[in-house]
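Q: pasting a predicted model and its sequence here:
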Amino acid sequence: MMDKDAAYQAYEDVRSDNSETNWTVLKYDSSNSIIVDSTGVDYAEFVDKFSDNERGFAFVRVETGDEMSKRKKFALVTFIGSGVGALKRARCSTDKSKVKEVFKSFAVEILTSEKLELKIDRIKDEVVKAGGANYGTGC
């Protein structure tokens, strides 16, 4: 089960040009329902939302482009900590389809169990690679 309405509101908040929100995190509650855990603007806080014994999903906004053209791009992140058991890992894989019904528009999808891969520079690199040509001196 998933709270699609709350997830959609968080998704739209991250996508909105009028919002400073850069990310939202979905996690499993005690009944194994997917809920909105948090949203925010600080990427360090985002990385701290995950641990080795947790699994969850995130929708992240990054700015790409060069000095001539800035664009907002998005990443869908699936995090499955190294301490998560096999059955919960498998469930996370099937639940991702529910998340994708809400988080529809993203440039790159990242699956990881490493917090280092959640750092904003790493996510931005993946988004830029997925975008193809990259002109200019960078940002």
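A: Arrived safely, thanks for sending.

Q: the helix or strand of the chain with the lowest mean pLDDT: which residues count as buried?
A: One helix or strand of the chain scores below all others by mean pLDDT, DSSP states H and E: helix 120-131, with a mean of 87. Using 16 or more other C-beta atoms under 10 Å as the test for burial, helix 120-131 gives 120, 122-124, 126-128. For every residue, glycine as well, the C-beta is placed using N, CA and C.

Q: one more: stretch 73-90?
A: 73-81, 84, 88.

Q: then stretch 24-40?
A: In stretch 24-40, counting by 16+ other C-beta under 10 Å, buried: 24-28, 34-37, 39-40.

Q: those residues: which two are farthest apart?
A: 28 and 40 (19.2 Å; C-beta to C-beta).

Q: helix, strand, or coil at the nearest residue to residue 49 once chain neighbours are set aside?
A: Excluding the flanking residues, the one nearest residue 49 by C-beta to C-beta, 6 or more residues apart in numbering is residue 25, at 4.8 Å. Secondary structure, DSSP: H, G, I helix; E, B strand; the rest coil: residue 25 is strand.
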